[in-house]
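Visitor: got a sequence here, can you build the structure:
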Amino acid sequence: MNSFSLPFCVVLMLPFAISLDFRVVCKWERVVFELPQGDQASQNSPLVPTSIAVDGERVFMGLENAGMTVPATLVTFNLPYDHDATPTAPKLQPYPSMEMQGESRKALKNVQALQVDTLCCLWVLDSGRWDDPENARGKVLVFNLRNDLSFTYEFPDSVWKGGISFLADMVLDRTSDDLLVYVADASGGLIVLSAIKNRAWRVQHQAMSASNMFSADGVTTLALSPRRNRNLLYFSRRSSKEFLAVPVSELRSKSENLTVTEISKLPSSVWRIAVDSKGILYFHLRARTVVDSWDSLNDAFSFRENPVYQNKNLSNFPYITFSFDKLENLWMLVKEDKDFKLVRAAIGAKSYIYND
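Guide: So this is what the prediction gives:
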């Protein structure tokens, strides 16, 4: 029988001051794709970034493409040489190629999450498409950024439900003998992929459920506690204000009796969360014009909200996306009014995948 523990930290304190100094590095009033046949401006349909990953002076961006409305669902661009100069608006280039954005089974269909690991590999979560589950299956792709070699794992029917599953987020958990990928399935539940053993399994709990089979409002965002204290996987559902966690040890051991803990009741549901190497968790709540943080290691038993970014024009759709770089910066892609902005702040920490 699955268990659901009582909340262990339910205090949410109001913010007093913004704690990080963000600089605008890139700003787009109009997004332009640099394609083999020539430049193409984004169409009238809303552009919805799903994820970003920063690797040195290069940025990768996932774009929602369920309706096939953008020329590429995975793009890349270079950062300006001087991050403190006037913000630039770089053109978006399809990655790894335009051919990988097509209709073939191996091509990318709808990228939802990105991670760059310590070995300079880009991990890509492609949710596939509901209307073509056979040729557009959910999958994880890995691109070696040093030589562009790639690996693809297509999820089998035992874990991926064609026409129902919507793969919304992922995090990486490197153990002594494996590399596990935890994937949020918004139709309800998690998928765990063993990259070394090349197999996957589903994880279910009532706290991960969607409101119904076709709502895609189950688990939609994930974050993993830092490597030096790797004990919890944090998650949230789009249909709920609960902020939850499950022990990583139970996911690794394929336990059928998960211990899910309620971290806090929040004012609204969480759009996106991310954790750095010092255990600071960054999150954006729906219907809020502020990005907050929580010290998950030092304030583990009192959920104290600390605002890091605020703008009255901050849009709640599309949601904010996070990334960390090796120079200990936090990057966020935000939308304010009609403009997209890529902003950066020094935080003195790397991604959760690094030892601090």
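Visitor: CA only for contacts and neighbour counts going forward, please
Guide: Fine.
Visitor: and R228, what are its phi and psi?
Guide: phi -70, psi -10 (degrees, to the nearest 10).
Visitor: for it, what are its contacts?
Guide: R228 makes contact with 277, 355-356 under the criterion C-alpha atoms under 8 Å, 6 or more residues apart in numbering.
Visitor: distance check, it against A210.
Guide: R228 sits 32 Å away from A210, going by C-alpha to C-alpha, to the nearest Å.
Visitor: hmm, C120 is touching L145, no?
Guide: Yes. With contact defined as C-alpha atoms under 8 Å, C120 counts as touching L145 (5.9 Å).
Visitor: now do the shared contacts for the two.
Guide: Contacts common to C120 and L145, judged by C-alpha under 8 Å, 6+ apart, are absent.
Visitor: please indicate which of the contacts of R228 are buried?
Guide: S277 (16 or more other C-alpha atoms under 10 Å).
Visitor: which one of the contacts of R228 sits closest to A89?
Guide: Distance to A89, by C-alpha to C-alpha, is smallest for S277 among the contacts of R228, at 29.9 Å.
Visitor: for that closest one, which non-adjacent residue is spatially closest?
Guide: Leaving aside its chain neighbours, S277 sits nearest to Y352 (4.2 Å; criterion: C-alpha to C-alpha, 6 or more residues apart in numbering).
Visitor: can you pull the pLDDT of S5?
Guide: S5 carries a pLDDT value of 46.
Visitor: repeat that for M13.
Guide: Confidence score, pLDDT, at M13: 45.
Visitor: same check, this time on N298
Guide: Confidence score, pLDDT, at N298: 85.
Visitor: quick thing: my sequence starts at 56, can you match it?
Guide: Okay, residue one is now 56; in that scheme the one you just asked about reads as N353.
Visitor: how many residues are close by it?
Guide: 11 (other C-alpha atoms under 10 Å).
Visitor: contact partners for it?
Guide: So N353 contacts nothing (C-alpha under 8 Å, 6+ apart).
Visitor: repeat for D411
Guide: So D411 contacts 283, 332-333, 404-405 (C-alpha under 8 Å, 6+ apart).
Visitor: run the last query once more with 7 Å
Guide: 283, 332-333 (C-alpha atoms under 7 Å, 6 or more residues apart in numbering).
Visitor: and if you look at F395?
Guide: Contacts for F395 (C-alpha under 7 Å, 6+ apart) come out as 82-84, 389.
Visitor: so it, which state does it fall into?
Guide: strand (DSSP: H, G, I helix; E, B strand; the rest coil).
Visitor: remind me which residues of the stretch 256-405 of the chain are low pLDDT?
Guide: Within the stretch 256-405 of the chain, the stretches falling below the threshold (pLDDT under 70) are 355-356.
Visitor: where do the strands sit along it?
Guide: Taking DSSP state E, counting those that start in this stretch as the criterion, the stretch 256-405 of the chain carries its strands at 274-279, 287-292, 297-302, 314-320, 325-330, 335-340, 345-350, 361-365, 376-379, 384-391, 394-401.
Visitor: for D110, which of the ones you listed is the nearest?
Guide: D110 lies closest to strand 376-379 among those, at 8.7 Å (C-alpha to C-alpha).
Visitor: and stretch 108-127, what's its mean pLDDT?
Guide: In this model, stretch 108-127 carries a mean pLDDT of 92.
Visitor: flag every buried residue along that stretch.
Guide: Neighbour-count burial for stretch 108-127 [16+ other C-alpha under 10 Å]: 108-110, 114-121, 124-127.
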